[in-house]
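**Q** Quick check, what structure comes out for this input:
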Amino acid sequence: MADGYSVTVRITVRGTHTEIFHGIAVTGWQTEITGIAIRRIGNGKIIEEWIESDQPGLMQQPGSFHLPAQANI
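**A** The predicted structure follows:
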C-alpha cells in the first residue's frame, strides 16, 4: 500500500535452522515470522523506516528454541 510519502509492506520470512546460532546446535527446525514495514519516502529514497514483527509468535511455534539468558543478540 502506498501514498505520496510512505509505503507499507507486509512481510513474511520463512527459514530453516541450518547453522549454529548463538551457540545453539543445528536443529533443522523450520520457522516463520510475519511483520509490517512502513517506509517514509523523500526525494525518491527511503528516509525513515519502522518495522514491527511477531517475535512472540515466532517463539511459540512448534520446534522453536529459546536463547540462553546470557546470549548477546
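**Q** Need the pLDDT of the residue lying farthest from the centre of the chain.
**A** In the chain, Asn43 marks the outermost C-alpha relative to the chain mean, sitting 27.2 Å out by Cα atoms, centre = their mean. pLDDT, Asn43: 89.
**Q** Number the chain from 884, please
**A** Yep, numbering from 884; the last one is Asn926 now.
**Q** So what does it look like in phi/psi?
**A** Main-chain torsions, Asn926, degrees, to the nearest 10: phi 50, psi 40.
**Q** do you know how far it is from Ile934?
**A** Noted for Asn926: a distance of 22 Å to Ile934, by Cβ to Cβ, to the nearest Å. Every residue, glycine included, has its C-beta placed from N, CA and C.
**Q** In this structure, where is pLDDT below threshold?
**A** Residue ranges of the chain with pLDDT under 70: 884, 945-956.
**Q** let's go with 90 and repeat that
**A** Along the chain, the parts satisfying pLDDT under 90 run over 884-888, 898, 900, 903-916, 926-927, 936-956.
**Q** Just the helices from this structure, written as ranges.
**A** For the chain, the helices defined by DSSP state H cover 938-942.
**Q** ranges for the strands of it?
**A** Taking DSSP state E, the strands of the chain run over residues 889-899, 913-925, 928-936.
**Q** partners of the last one in the sheet?
**A** Strand 928-936 has its sheet partners listed here by DSSP bridges as strand 913-925 (antiparallel).
**Q** May I see the buried residues of the partner strand?
**A** For strand 913-925, burial by neighbour count (16 or more other Cβ atoms under 10 Å) applies to 914, 916, 918, 922.
**Q** In TSV, list those along with distance to Gly940.
**A** Shown next, in TSV, are the buried residues of strand 913-925 (distance: Cβ to Cβ, whole Å):
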residue	distance to Gly940
Thr914	10
Ile916	7
Gly918	10
Arg922	23
